[in-house]
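**Q** Got a predicted structure plus its sequence, pasted below:
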Amino acid sequence: MSSAAPSPSLRNLFSELEQLFQTETAARVSTSVQAAERALAENLNQSVRRLRQAGAFPEIAAVLCDASARFAKTCGVFNVSEDAVTGERLRAADGEAGARFAGIRFNAAEAAAFAGAIESRDPVVALGSPGEVPPAVADALSASPADKVYLFPLTVDRTTIGMICAAGEVESVALELLAQVAAAVLEARQRPRARQAKAPGPRPDGTGLESDGLVRIEPAPAPSAPDWDDLTVADRQLHLRAQRFARVQVAEMRLYRSDAVTAGRARQDIYAALQEPIDQAREAYWKQFVAASPTMVDYLHLELVRTLANDDPAWLGGSYPGRLV
C-alpha cells in the first residue's frame, strides 16, 4: 500500500508529542540536558516518520519495538482481537526467543492489567504478578512479580487492536505518544469510514416532511480547527492540556458510570443519563480552556461524541446543550 500524505491529525499528534516531551523534561534544562533532549526529539521524529511509512501491523510493531529502546529496558507489542491477545514482536528477540514470544496467546480476562487497558483504552501500570500479567509475558519482559509493567493500548475506531507492553525504567510519556501515533497510522491505513448522511426526501405532496411529520434539520457544521502551525507555543500547550482534560473526564464517565452510559446509549439520550458529570465537565472546560483562548476547540464535545456516542452526535440527545464553541 502506498504511503499517504501526512494528515492533519498525524501532524497534530507529532506536535503534541514534541510539546509534551519538552514540557515533561523542562525542569531539568541545562546545556547538557538540552543536547540530550535534542537527541531524543530527533529519535522520536525518526520513529514517527518510520511509523508513517510502515504498512501492516507487524511492520508497525517492529518500528515500535525499535523506537522503545530509548524509553524502556524491555518492550513487546501484542496483537489484540476482541479478547484474544497474541504476541507479535519482542524487541531484540530473534530465532527461538522471537518464536516463543509469537507463541504467547491468552484471553484478556485472565490478565486484569490487559483487560483494564483494553476496556478503558487508557494506559495501565500494574505489577508483574500472575493475576495482572500472564507469567509468559512477565518472563519475556524479564519482570518479576514485584516489578511494574506498563501497558499502552493502540486504539483504532474506539477498539483496542494492539498493546505496547514495557518494563524497567519506562519513560511512559514517550511510549504513550508513540502508541497514539501508531494508532493514528493504523487508522489511516483502513478505509475511511464515510458516514454519508442520507438527506430526507420530500413527501409526495411536496411538503418536505418525513413520514413521521417532522422536519429533519441538519446540525450546523463544527467550526474549523485552527492551524496548529499558526498557534503560539502557549496556545499549543493549552490545546494539549484541553485534549488531555477531555479524555480524562470522558474516560471517568465511561469507567465509573458505565450503567448510565449503557442506559443513555440504549435510549440514544446520553446527556439525560449523564447530565450532572457532563455539566460539571463543561463548566470546568469553559473556565480553564475556552475562556483562556479564542483559538480553543471544544475537545470535550468531540470526546463525548467519539467515546460515548459512537461518533453520532444525535446520541447525545435533544436536551444536550451543544458545542461550547
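**A** Okay, I see it.
**Q** helices or strands up against the helix or strand hosting residue 152?
**A** Element membership for residue 152, per DSSP states H and E: strand 148-156. Packing partners of strand 148-156 (3 or more C-beta pairs under 8 Å, 6 or more residues apart in numbering; DSSP states H and E): helix 112-120, strand 124-127, strand 159-167, helix 172-189. Heads up, the C-betas are built off the backbone N, CA and C, glycines and all.
**Q** Can I get the ones you listed in TSV including mean neighbour count?
**A** Converted to TSV, the helices and strands packed on strand 148-156 look like this (neighbours: other C-beta atoms under 10 Å):
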stretch	mean neighbour count
helix 112-120	20
strand 124-127	18
strand 159-167	23
helix 172-189	21
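**Q** Compare those and say which comes out lowest on pLDDT.
**A** If you rank the helices and strands packed on strand 148-156 by mean pLDDT, helix 172-189 sits at the bottom with a mean of 83.
**Q** Dump the C-alpha coordinates for that helix into PDB.
**A** What follows is helix 172-189, C-alpha atoms only, in PDB (Å, rounded to 0.1, in the frame of the first residue of the first chain):
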ATOM      1  CA  SER A 172       5.700   6.500  29.900                       C
ATOM      2  CA  VAL A 173       5.000   9.900  28.200                       C
ATOM      3  CA  ALA A 174       7.100   9.000  25.200                       C
ATOM      4  CA  LEU A 175       5.700   5.500  24.800                       C
ATOM      5  CA  GLU A 176       2.100   6.700  25.200                       C
ATOM      6  CA  LEU A 177       2.600   9.200  22.500                       C
ATOM      7  CA  LEU A 178       4.200   6.700  20.200                       C
ATOM      8  CA  ALA A 179       1.200   4.400  20.800                       C
ATOM      9  CA  GLN A 180      -1.100   7.300  19.800                       C
ATOM     10  CA  VAL A 181       0.900   7.900  16.600                       C
ATOM     11  CA  ALA A 182       0.900   4.200  15.700                       C
ATOM     12  CA  ALA A 183      -2.800   4.000  16.300                       C
ATOM     13  CA  ALA A 184      -3.400   7.000  14.000                       C
ATOM     14  CA  VAL A 185      -1.300   5.400  11.300                       C
ATOM     15  CA  LEU A 186      -3.200   2.200  11.600                       C
ATOM     16  CA  GLU A 187      -6.500   4.000  11.400                       C
ATOM     17  CA  ALA A 188      -5.300   5.900   8.300                       C
ATOM     18  CA  ARG A 189      -4.500   2.600   6.600                       C
END
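**Q** just the angle between that helix and strand 148-156, please?
**A** 20 degrees (axes from the mean of the first three to the mean of the last three C-alpha atoms, to 10 degrees).
**Q** Flag every buried residue along the helix or strand just after helix 172-189.
**A** Counting by DSSP H and E, the next helix or strand C-terminal to helix 172-189 is helix 233-256. Neighbour-count burial for helix 233-256, counted by 16 or more other C-beta atoms under 10 Å, picks out 235-243, 245-247, 249-250, 253-254.
**Q** follow-up on the earlier one: how far off centre is the strand holding residue 152?
**A** Chain-centre distance of strand 148-156: 10 Å, with C-alpha atoms, centre = their mean, to the nearest Å.
**Q** Which strands border that strand, and is each parallel or antiparallel?
**A** Strand 148-156 has its sheet partners listed here by DSSP bridges as strand 124-127 (antiparallel), strand 159-167 (antiparallel).
**Q** what sits up against the helix or strand following the shortest one?
**A** Proceeding C-terminally, strand 124-127 gives way to helix 135-140 as the next helix or strand, assigned by DSSP H and E. When contacts are taken as C-beta atoms under 8 Å, 6 or more residues apart in numbering, the neighbours of helix 135-140 outside the stretch itself are 74, 76, 87, 90, 93, 100-101, 104, 106, 111, 128, 130, 144-145, 147, 149, 165.
**Q** One more pass at 7 Å, please.
**A** 76, 90, 101, 104, 128, 165 (C-beta atoms under 7 Å, 6 or more residues apart in numbering).
**Q** Residue 136 versus the fourth one, what's the distance?
**A** Relative to residue 136, residue 104 is positioned 5 Å away (C-beta to C-beta, to the nearest Å).
**Q** For residue 99, the count of nearby residues, please.
**A** A total of 11 residues lie near residue 99 under the criterion other C-beta atoms under 10 Å.
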